[in-house]
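S.K.: Test case, fold it:
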Amino acid sequence: MSACAVPEYDAAIIGAGPVGCVCALVLARKGAKVALLEANPRASERLAGEWLHPPAAKLLRDVGIDVDTLSPDKSGIGFVVLPDDGSDPILLPYPDGSRGLVCDHALLVSSLREAMENEVNVDFISHARVNVVEDERVTFSKDGSERAISAARIVGADGRASIVRRSLGHSMKPMLCSRMLGVTLHDVNLPFEGYGHVVLGGPGPVFIYGLADGSVRVNLDVPFDRWTSRDRTSFLSESYAGLLPGDLEPAFVEALHVKRFHVAVNQLRPRVTYGKPGRVLVGDAAGHYHPMTAVGMTLGFGDALALSESKDFQRFSAERFRAVRVPEFLAMGLYEVLADYRTESVMLRKAVYQGWRANSAYRDRTMRILACEELSMPATIFSFCETVARAMYRETTSAIGRVAWRRIWMTFRALAVRLWWFLLGVRQLRGAIREGREESAKAREHLTRAFSYSIPSRTEWERPARARDVESPDASSALGRAARCLVHLQREDGAWEGEMVWCPMLTAQYALLHHIIGQPFDPGRRRRVLRSFERTRLQDGSWGLHEHSLPHLFVTALVYVAARLLGVAPDDPLIVRARRFIQAEGILGIPSPDYVRSSSGEPVGPI
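M.R.: Numbers count the residues shown, from 1 in each chain. Prediction:
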């Protein structure tokens, strides 16, 4: 093909996904002549983003997309979090009544491509596989022949494996987080209509929402070390099905057994570059985060709009770095806090729950940051410090004894260490941004130490996990520190004394034994036992195997009987909700032989 025959454009956009289509539309409406190239038109059928925050929904309306036909009625109101401790759901609506958009990914892409058919300034070149990207020139294959176009600006909207990014010499090795399993359910209902349901308590978070065709999408986050070659269907059913709200469980199990799901890999790549003036990166090609917080398309649409409004690349790049830094840190931090079960993360998670429940301003600030509307770093830092202070107050006010205080100190120390690594990682990223280079291996290492759950070390995800491949880590250093700690806590007579934190099963059995052998507790011991029952009770009034457990019928029944034997009335606030829980499980009575009677002489059952 001769040079004079090469078509010329103001912009050539590679990748016709949602971000690429929006970028083409907004540039064309600014008067630019645009070529939009797509290698695989069916790529939109894969598991990909379907939740858009309010700014992204508004941008779609602005470019002429009828979003009301894409999304179910009353959808995109906000999120509802179902906590891992079994407490009441937490509603997080978008502030000021704003609404997001929930839409099947393939339907969204189809609507955007239809809009481009009416745009005279856009040439959509389908089945165009790009081979070479150079300054002002793109070479691609189509229908068995090689072709080329010329463009003053080439835009990479071709996702994580961007060929434009590769042409700039940037690293193509992201940090892998976990796997995402997308399951589609039919003929089911969600308890909170219009909300995205975030379910916690399993190996990873679950994100659930309804679509316009009446189906429900269930997205499971599965850690790499749990994705083994053994029976995955059984693992997913046992680990996640019981957590799902409403009537989703049977349909979910059925979908797993018939393999009606898609699998993707969750990746993390912080944004440190947008390319250069002639070759610009937008959307996932510039950077991407865990999809559970749904910030990806919203940030990508923001990239497209900013690129159309700025003629100077340096100004565009600086504006986008300011716009994405707060949402990307929240996306990483919020996933870490909600998914991790290390002590410091659990402490912060409880404080976040408390803040969401008690403070509407705290809820609104979280949602504004998540929706990419609140971009103030000082406000975000203040919010984080507020959360840490709430966590410290909660822990210190409930601490009893020397061991408890030592545990609190170790928890805060672990949190401080992770914050230190985070700050070092941010410093490395800022240095990379200033110098216009790719993030270093040192920055990745620092972020891995800070977000140790959401960014596993490279050795954890370079190959699929198998049970026989799992090697025990070198624990000699930890064992040495543990031994020194135990020696430090040992009393002069050689014994150790401290609080055992477990479920109340042994305490209840201890009370039952004393009743059976005819040795009732003295008033002081009775008071302490009942106080232990009160302190170990879950939020719903039942008891479980540990403080993060789901309600457990066996443990609840044991505590209920022990409390009744200690003279607690059936309608006492300590056990009245446990009584309702036992009845809801189908238990109508507990056998009461002569030796199992309350302190008043009455049999314990019926319930």
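S.K.: any low-confidence regions in the protein?
M.R.: 1-4, 72-73, 228-230, 398-404, 429-444, 452-477, 499-501, 588, 590-607 (pLDDT under 70).
S.K.: ok, how many other residues are close to residue 346?
M.R.: By the criterion of other CB atoms under 10 Å, residue 346 has 18 neighbours. (C-beta placed from N, C-alpha, C; glycine too.)
S.K.: what about it, helix or strand, and which?
M.R.: Residue 346 belongs to helix 343-358 when assigned by DSSP states H and E.
S.K.: List the contacts of the helix or strand just after that helix.
M.R.: Following helix 343-358 in sequence order, the next helix or strand is helix 360-370 (DSSP H and E). For helix 360-370, contacts defined as CB atoms under 8 Å, 6 or more residues apart in numbering pick out 53, 78-79, 92-95, 293-295, 326-327, 330-331, 334, 355-356, 374, 379-380, 383, 386.
S.K.: who touches residue 52 in this structure?
M.R.: Contact partners of residue 52, counting by CB under 8 Å, 6+ apart, are 60, 76, 100-103, 294, 297-298, 301.
S.K.: follow-up on the earlier one: got a list of contacts for the helix holding residue 346?
M.R.: With CB under 8 Å, 6+ apart as the criterion, helix 343-358 contacts 81, 83-85, 87, 90, 92, 336-338, 340, 362-363, 366, 386-388, 390-391, 394-395, 407, 410-412, 414-415, 418, 453, 548.
S.K.: In helices, which of those residues appear?
M.R.: 336-338, 362-363, 366, 386-388, 390-391, 394-395, 407, 410-412, 414-415, 418 (DSSP state H).
S.K.: Sort out which of these are buried, if you could.
M.R.: Applying 16 or more other CB atoms under 10 Å to those, the neighbour count classes 336-338, 362-363, 366, 387-388, 390-391, 395, 407, 411-412, 414-415, 418 as buried.
S.K.: Let me see the domain layout of this protein.
M.R.: As given by automatic domain parsing, the domain ranges for the chain are 1-50+104-173+269-324, 72-100+175-267, 325-462, 505-584.
S.K.: Residue 479: which of those is closest?
M.R.: Closest to residue 479 of those is domain 325-462 (CB to CB; 16.0 Å).
S.K.: Please save the CA atoms from stretch 67-84 in CSV.
M.R.: The C-alpha trace of stretch 67-84 is given here as CSV (Å, rounded to 0.1, in the frame of the first residue of the first chain):
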residue,chain,number,x,y,z
VAL,A,67,-29.7,4.2,29.7
ASP,A,68,-33.2,3.6,30.9
THR,A,69,-33.6,0.8,28.4
LEU,A,70,-30.4,-0.8,29.5
SER,A,71,-31.0,-1.0,33.2
PRO,A,72,-33.7,-2.5,35.3
ASP,A,73,-36.1,-0.1,37.0
LYS,A,74,-35.0,1.2,40.4
SER,A,75,-31.5,0.0,39.9
GLY,A,76,-28.1,1.6,40.7
ILE,A,77,-29.4,3.1,44.0
GLY,A,78,-26.2,2.1,45.8
PHE,A,79,-24.8,-0.9,47.8
VAL,A,80,-26.0,-3.0,50.7
VAL,A,81,-23.3,-4.7,52.7
LEU,A,82,-24.1,-8.0,54.4
PRO,A,83,-21.4,-8.2,57.1
ASP,A,84,-19.4,-11.3,57.9
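S.K.: And that stretch, what's buried?
M.R.: 67, 70-72, 75-84.
S.K.: what does the helix or strand residue 19 falls within rub up against?
M.R.: Using DSSP H and E, residue 19 maps to helix 18-28. Helix 18-28 has contacts (CB under 8 Å, 6+ apart) with 10-11, 13-14, 16, 34, 36, 38, 49, 59-60, 63-64, 105, 108-109, 112-113, 115-116, 119, 121-122, 124, 155, 157-158, 282-284, 297, 300-301, 303-305, 307-308.
S.K.: next structured bit after that helix?
M.R.: Going down the chain from helix 18-28, the next helix or strand is strand 34-38, by DSSP H and E.
S.K.: one step back: of all the domains of the chain, which one is nearest residue 493?
M.R.: domain 325-462 (16.3 Å).
S.K.: May I see the buried residues of stretch 203-222?
M.R.: 203-212, 216-222.
S.K.: Mind checking which of those residues are in strands?
M.R.: Judged by DSSP state E, the buried residues of stretch 203-222 include 206-210, 216-222 as members of strands.
S.K.: Kindly reformat those as CSV containing distance to residue 175.
M.R.: Listed next are those as CSV, based on distance: CB to CB, whole Å:
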residue, distance to residue 175
206, 22
207, 20
208, 26
209, 26
210, 32
216, 30
217, 25
218, 25
219, 20
220, 20
221, 15
222, 17
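S.K.: Go through those and name the one nearest residue 514.
M.R.: The closest of these, once distances to residue 514 are taken by CB to CB, is residue 206, at 43.3 Å.
S.K.: Distance from the chain centre to stretch 100-108, please.
M.R.: Relative to its chain's centre, stretch 100-108 lies at 19 Å (CA atoms, centre = their mean, to the nearest Å).
S.K.: can I get the CA coordinates of that stretch in PDB?
M.R.: C-alpha atoms of stretch 100-108 as PDB (Å, rounded to 0.1, in the frame of the first residue of the first chain):
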ATOM      1  CA  GLY A 100     -25.700   4.500  38.900                       C
ATOM      2  CA  LEU A 101     -26.200   2.100  36.000                       C
ATOM      3  CA  VAL A 102     -26.400  -1.700  36.000                       C
ATOM      4  CA  CYS A 103     -26.200  -3.200  32.600                       C
ATOM      5  CA  ASP A 104     -25.200  -6.400  30.900                       C
ATOM      6  CA  HIS A 105     -21.700  -5.800  29.400                       C
ATOM      7  CA  ALA A 106     -22.500  -7.100  26.000                       C
ATOM      8  CA  LEU A 107     -25.700  -5.000  25.800                       C
ATOM      9  CA  LEU A 108     -23.800  -1.900  26.800                       C
END
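S.K.: Name the residues that touch that stretch?
M.R.: Contact with stretch 100-108 is made by 18, 44-54, 56-57, 60, 67, 70-72, 75-78, 94, 196, 209-213, 371, as judged by CB under 8 Å, 6+ apart.
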